[in-house]
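K.L.:
using only what follows, build the 3D model:
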Amino acid sequence: MIEDGATDQGSVTTVRRVGETIRRPVGPWTPAVHALLEHLAAAGFGRAPRVVGVDGGEEVLSLLRGEPAFSPWPAVLRSVDGIAGLGCWLRDYHRAVLDFRPPGGACWQGQEDGWQPGMVIRHGDLGPWNSIWDGERLVGFIDWDFAAPGHPLDDLAQLAWYAVPLRPADQQARAGIEGPDALRARLDALCAAYGAEPPAVLDALDALQEREAARIEEWGGRGEQPWAAFLARGDAAEMRAEQAWLRAQRADLLAPHQA
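P.N.:
Predicted coordinates:
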């Protein structure tokens, strides 16, 4: 956990801890994200940061106490129970956010579409690096800056992409998860906990990878940040390679478990 008074440089922004709060620079999307987090608090959803306020050019959020799941992942996240816990968190989040309506004129970072009935506000950056754990307990998810309107299944697809992980062998090895049997069991556990079917999640992930790569190429090509930085470090090419890997592995991932 980040120490009091320390700063932490992420891929997009720098945060600093002050006491039991986390501070980061505000952006045009900050009022919309704060409205979302305030809705979650009012709904009794306790596994997301709370809005404390804005102090000058910084937003102030409550600290989620625990450790982020960086590679190699902690034992709890490598377990089937751990991946199921992520699915339960996302199911509960989507239930809590279902009746949220964005404020008029809401601006979201990286927004693809305007909000429409049937959409939710996706977290938008559901990787293990944003999950916070206190031992065996999932505390919640941090870093809501990429929250934006979208379809619930896209959030689940992104979570499966990075937390199963539905990625080539080198990424599996970094996480400490290897082999088609392990991936299949983890995908099934995640989907069962959330309440979705694996084929639908794989379809959604294929479409998500296509859109994300195209967005990085288009927006990054125009010099818009942070997508220009993503393009420069090769994210779009990596996403297309992972999409090709996923297509080649689809039959194995959906094969019945062996007795």
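
K.L.:
by residue count, what's the longest helix in this protein?
P.N.:
Looking across the chain with DSSP state H, the single longest helix is helix 198-221.

K.L.:
mean confidence for that helix?
P.N.:
Averaged across helix 198-221, pLDDT comes to 96.

K.L.:
repeat that for stretch 1-14.
P.N.:
Across stretch 1-14, the average pLDDT comes to 73.

K.L.:
buried ones in it, by neighbour count?
P.N.:
V12 (16 or more other Cβ atoms under 10 Å). C-beta: built from backbone N, CA, C; applies to glycine.

K.L.:
for stretch 130-141, same thing?
P.N.:
For stretch 130-141, by 16+ other Cβ under 10 Å, it's 130-133, 138-141.

K.L.:
need the contact list for H39.
P.N.:
H39 sits next to 96-97, 100 when contact means Cβ atoms under 8 Å, 6 or more residues apart in numbering.

K.L.:
and it, which of the three is it?
P.N.:
Assigned with DSSP: H, G, I helix; E, B strand; the rest coil, H39 falls in the helix class.

K.L.:
distance-wise, check it relative to W144.
P.N.:
12 Å (Cβ to Cβ, to the nearest Å).

K.L.:
one more: H94?
P.N.:
Distance from H94 to W144, by Cβ to Cβ: 14 Å.

K.L.:
that's a strand at H34, yeah?
P.N.:
No. Assigned with three-state DSSP, H34 falls outside any strand and is helix.

K.L.:
for the nearest residue to it once chain neighbours are set aside, list each beta-bridge partner.
P.N.:
Excluding the flanking residues, the one nearest H34 by Cβ to Cβ, 6 or more residues apart in numbering is V51, at 4.8 Å. Beta-bridge partners of V51, counted by DSSP bridges, are L61.

K.L.:
what are the buried residues along the longest helix of the chain?
P.N.:
Quick answer for helix 198-221 (16+ other Cβ under 10 Å): 198, 201-202, 204-205, 208-209, 212-213, 215-217, 219-220.

K.L.:
before we move on, the earlier item: next step: the contacts of H39 restricted to strands.
P.N.:
Nothing among these maps onto strands, per DSSP state E.

K.L.:
hey, where'd the helices end up in the protein?
P.N.:
Counting by DSSP H, the helices of the chain are 30-42, 75-78, 80-97, 152-163, 169-175, 180-194, 198-221, 227-232, 235-254.

K.L.:
reformat those as CSV; add distance to S62.
P.N.:
Output for these, formatted as CSV (distance: least, Cβ to Cβ, whole Å):
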stretch, distance to S62
helix 30-42, 9
helix 75-78, 23
helix 80-97, 17
helix 152-163, 22
helix 169-175, 28
helix 180-194, 26
helix 198-221, 30
helix 227-232, 28
helix 235-254, 30
